[in-house]
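Peer 1: Provide a 3D model corresponding to the input given below.
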Amino acid sequence: MNITLQMIHTKLIIRLGLLVAFVMVILSCNPDDKQQVTTKNNLVWQDEFAVDGAPDSLIWGADIGNGDAEGIPGWGNGERQYYTDRPENMVVENGVLKITALKESFQGSDYTSARILTKGKYQKKFGRFEARIKLPWGQGLWPAFWMLGDDNNGAQAWPQIGEIDIMEYRGQEPTIVHGSMHGPGYSGGQAVTKQYDLITDRLDTDFHVYGIEWGPGYVNYYVDDVLYNQITREDVSGDWVFDDNEFYIIMNLAVGGTFVGAPGLNTVYPQTMYVDYVRVYE
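Peer 2: Residues are numbered from 1 along each chain as shown. I've put the predicted structure just below:
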């Protein structure tokens with residue numbers, strides 16, 4: 001081999017080594033590194049909470065009570081709060097929706113809070129669903145941004161209707177968020193789920209964007225610009241029930257329950273879930 005060929009050979013080895021190193025860096029990226037995940041960017045529905053007072057009744061309804069009237073005491077999860085539509089528990093102020101949990105004796109419960117939903121007002125199949133939220137902090141707090149499938153006027157029941165939990169959070173774990181799916185054969189404690197640890201920040205000290213991109217046979221989960229989970233038809237152990245029906249949006253702040261445990265004795269109240277906006281794209 002002459003000197004020229006040796007030089008070419010050496011350069012090729014160096015370039016190949018650099019390429020391998022580059023690939024290894026990409027594969028070892030910290031999960032907090034930003035990724036471009038948006039594929040659905042045509043805004044089709046939104047609530048920017050621009051008008052002070054009660055949430056817009058053309059968009060949102062409210063669940064009231066402790067679940068007894070629905071035949072699911074504790075809302076089926078051992079929750080301790082009584083949901084109301086009082087401004088003490090749900091109000092729009094200065095461009096932000098505030099869902100507030102209070103420690104108070106009310107209708108036989110020791111806590112009050114709120115749960116709003118778009119059932120019968122806005123329902124959609126497929127799209128990008130996202131909300132910018134600042135979460136509360138404390139043992140036993142359970143805020144959530146999630147979706148349920150249409151129940152066909154009561155003809156279908158959970159979990160056959162399907163549930164997509166875009167964001168669930170344990171108040172005692174202020175850096176970790178959970179994304180899950182429930183359906184027939186994989187509901188409750190057997191839900192298909194994954195958690196994301198922010199690591200570099202806390203979820204109760206600033207706003208973050210929580211969302212999904214949902215299409216036929218898949219749901220992608222993200223926090224801010226980080227895609228951290230994909231659940232597909234192949235990942236569930238029962239029927240995939242997410243391609244058939246429209247789903248509606250729910251936002252709530254529970255106190256206690258199977259997911260978070262009993263409320264903490266040292267948790268300070270009031271605790272508030274702040275929602276800057278909710279948006280849907282296709």
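Peer 1: What are the boundaries of the helices in the protein?
Peer 2: Secondary structure of the chain by DSSP state H: the helices cover 3-27.
Peer 1: which regions of it sit below the pLDDT cut-off?
Peer 2: 1-38 (pLDDT under 70).
Peer 1: From the centroid of it, which residue is nearest?
Peer 2: The chain has Met167 as the residue nearest its centroid, 1.7 Å off, counting by CA atoms, centre = their mean.
Peer 1: so what's that one bridging to?
Peer 2: Met167 has these beta-bridge partners by DSSP bridges: Phe145.
Peer 1: my guess is it contacts Met147, does it?
Peer 2: No. Met167 lies out of contact with Met147 (CB atoms under 8 Å); the separation is 10.8 Å. From N, CA and C alone the C-beta is placed, and that goes for glycine too.
Peer 1: Show me what Gly127 bridges to in the sheet.
Peer 2: Per DSSP bridges, the residues bridged to Gly127 are Trp214.
Peer 1: Let me know how buried the closest residue in space to Lys103 that isn't next to it in sequence is, in neighbour terms.
Peer 2: Of all residues not flanking Lys103 in the chain, Tyr269 sits nearest, at 4.1 Å (CB to CB, 6 or more residues apart in numbering). Look at Tyr269: counted by other CB atoms under 10 Å, it has 17 neighbours.
Peer 1: show me what contacts Tyr269?
Peer 2: 101-103, 111 (CB atoms under 8 Å, 6 or more residues apart in numbering).
Peer 1: in the sheet, who's paired with Leu253?
Peer 2: Leu253 forms beta bridges with Pro143, as assigned by DSSP bridges.
Peer 1: wait, isn't it in contact with Gly138?
Peer 2: No. Leu253 is not in contact with Gly138 according to CB under 8 Å; the separation is 11.1 Å.
Peer 1: ranges for the strands of the stretch 101-250 of the chain?
Peer 2: Taking DSSP state E, counting those that start in this stretch to define them, one finds strands in the stretch 101-250 of the chain at 109-113, 115-117, 123-124, 127-134, 141-149, 163-168, 176-182, 192-197, 208-215, 218-223, 226-232, 247-255.
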